[in-house]
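Asker: Got a sequence here, can you build the structure:
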Amino acid sequence: MKPVAILLHGAMGSEKQLFPLKQLLSENFDVYALNFTGHGGKAFGEEFGIERFSKDLVQLLDQKNLNNVNIFGYSMGGYVAINAALSDSRIAKIFTLGTKFGWSLESATQAVKMFDPGKIEEKVPAFAVTLKLMHQPQDWKEVMTHTTQMMISLGKSPILHSKNLKEVKIPVIIGLGAEDKMVSVHESKEVVNALHQSEFQLYEGFKHPIEQVDISVLANDLTEFFLKES
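Answerer: As a prediction, this is how the structure comes out:
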């Protein structure tokens, strides 16, 4: 039996973005990925946000009868993974990349400026087409509207904070691209300091979009971390 690795996508993303990484990891792991509610064509429900996505993860663990799992969370996926680890002991290790933890009303307001469907269609129409194809039959604009609401909610009341982060006892690596414009070294290191057993990993040349990351380097680091004895 191979160890289990689960890949979680970011905001406005889908599991398809992580398929190249899944392929590289499949030699050493049984790899799973999922679309969060409202993403990648998955239907919307009554809930949308970190708590709902954490439930999506737990449902996967239940449905596949998975235990002692390793999780890679890209961007928002890392936030979801750590939140789920607060209450689910089946999660053994977490590796995040480009996850924003420093949420405030100011940072949320700044972040949602990039999530304007009209401006995206006007200035980067190719990206709008990509989002449309990624989320159909759902409307990508609706996904974006829900996402901005989630960000504002996080800004008003962050789900993860110094007090509950201390309750996460498993090994965690907080990864960040040196050229990531959405997440700071400072907020990432603050989380490392709050967590019980964590390290910070800076990647030179990595930008925030997962498509602008050297997947082979990432896959090697994930494999080493997940297979290393705790």
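
Asker: got the buried residues for whichever helix in the chain runs longest?
Answerer: Secondary structure of the chain per DSSP state H: the longest helix is helix 140-156. Residues of helix 140-156 classed as buried by neighbour count (16 or more other Cβ atoms under 10 Å): 140-141, 143-144, 146-148, 150-151, 154-155. To be clear about C-beta, it is placed using only N, CA and C from the backbone, and glycine gets the same treatment.

Asker: Could you do stretch 74-91 as well?
Answerer: Using 16+ other Cβ under 10 Å as the test for burial, stretch 74-91 gives 74-85, 90-91.

Asker: from those, which single one is nearest residue 104?
Answerer: Comparing those against residue 104 with Cβ to Cβ places residue 79 closest, at 14.7 Å.

Asker: Look at the residue nearest to residue 68 when sequence neighbours are not counted and give its secondary structure.
Answerer: Distances taken as Cβ to Cβ, 6 or more residues apart in numbering put residue 92 closest to residue 68, at 4.8 Å, once the chain neighbours are dropped. Reducing the assignment at residue 92 to three states with DSSP: H, G, I helix; E, B strand; the rest coil gives strand.

Asker: quick one: contacts for residue 92?
Answerer: Taking Cβ atoms under 8 Å, 6 or more residues apart in numbering, we find residue 92 in contact with 68-70, 170-171, 230.

Asker: Just the buried residues out of the residues you listed, in ChimeraX syntax.
Answerer: Here is the ChimeraX command that selects the buried residues among the contacts of residue 92 (16+ other Cβ under 10 Å):
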select :69,70,170,171
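
Asker: so what pLDDT did the residue most central in space within the chain get?
Answerer: When Cα atoms, centre = their mean is applied to the chain, the residue found nearest the centroid is residue 77 (1.6 Å). With respect to pLDDT, residue 77 scores 98.

Asker: Tell me the one of the contacts of residue 92 nearest residue 104?
Answerer: residue 170 (26.7 Å).
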